[in-house]
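In: Whatever this is, show me its structure:
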Amino acid sequence: MHHFNAVVLAGGQSSRMGQDKALLEIDGESLLLRSQRILAELGANSVAVCRNDGAERSIQDIYPDSGPLGGIHAALMTNSALPTLVIPVDLPLIDTGDLNELIQLGFANQCSSHFTELYIPIFIWNPAAILESLTARLEEGKRLSLRSFFESHTRAEVTLKDETALANANTPQEWQAILEQAN
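Out: Numbers count the residues shown, from 1 in each chain. Model prediction:
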């Protein structure tokens, strides 16, 4: 059994959705609770939530308005002792099988891993090393895209068997399409 931590990124403003995406429900379960459950089922040692909601248990961004990199940074500042799987809250169709592939590839190759052409979800093999370069990038305030950051680090890519698993819910129309697909 592999030891790793996990993080749910749920700190976005959800402006295109018009409501908090983390609280949207599929099969009676919020996307936030669903994400946490899936990560626990995968066997994560701990599951953290990056969410700028002021809640006591949420990890708050240290570098506000830095997008997903800001959330990853905040989570790794809290705990960078183990490899870490990071997922966004707005992938309601992702499942343990897809995410397990990232974990297995990361451990087999001892490097970070992600799905082809997508940099989140991502399995971060060496959080301490990533944290150091991520802090420098955020302090510069330049090129805050996941792609530009992770392209400079050793990583492996997994080709997803079913790309619908990464259907992203950013708008009410995308959410409706996902609900139809889920049923």
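In: make it CA atoms for all contacts and neighbour counts henceforth
Out: Will do.
In: now the strands for the chain?
Out: Counting by DSSP state E, residue ranges of the strands within the chain are 5-9, 25-26, 29-30, 47-50, 84-88, 112-115, 122-124, 155-158.
In: in the fourth one, what counts as buried?
Out: For strand 47-50, the neighbour count (16 or more other Cα atoms under 10 Å) marks 47, 48, 49, 50 as buried.
In: What I need now is those residues written out in CSV, including pLDDT and distance to residue 175 for each item.
Out: Compiled in CSV, these are given as follows (pLDDT from 0 to 100; distance: Cα to Cα, whole Å):
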residue, pLDDT, distance to residue 175
47, 95, 25
48, 94, 24
49, 94, 22
50, 92, 22
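In: Export those residues as a markdown table, with columns for distance to residue 101.
Out: As requested, those are arranged in a markdown table below (distance: Cα to Cα, whole Å):
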| residue | distance to residue 101 |
| --- | --- |
| 47 | 18 |
| 48 | 21 |
| 49 | 22 |
| 50 | 23 |
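In: Start and end of stretch 146-156, how far apart?
Out: 15 Å (Cα to Cα, to the nearest Å).
In: average pLDDT across that stretch?
Out: Stretch 146-156 shows a mean pLDDT of 89.
In: Any stretches of the protein with poor pLDDT?
Out: 12-15, 17-18, 54-56 (pLDDT under 70).
In: What are the boundaries of the helices in the protein?
Out: Applying DSSP state H to the chain gives helices spanning 31-41, 67-78, 96-109, 127-140, 146-150, 172-182.
In: Please identify the deepest-packed of those helices.
Out: The highest average neighbour count among those, using mean count of other Cα atoms under 10 Å, belongs to helix 67-78 at a mean of 22.
In: Tell me the gap between that helix and the middle of its chain.
Out: 10 Å (Cα atoms, centre = their mean, to the nearest Å).
In: Does anything pack onto that helix? Which helices or strands?
Out: Judged by 3 or more Cα pairs under 8 Å, 6 or more residues apart in numbering; DSSP states H and E, helix 67-78 is in contact with strand 5-9, strand 47-50, helix 127-140.
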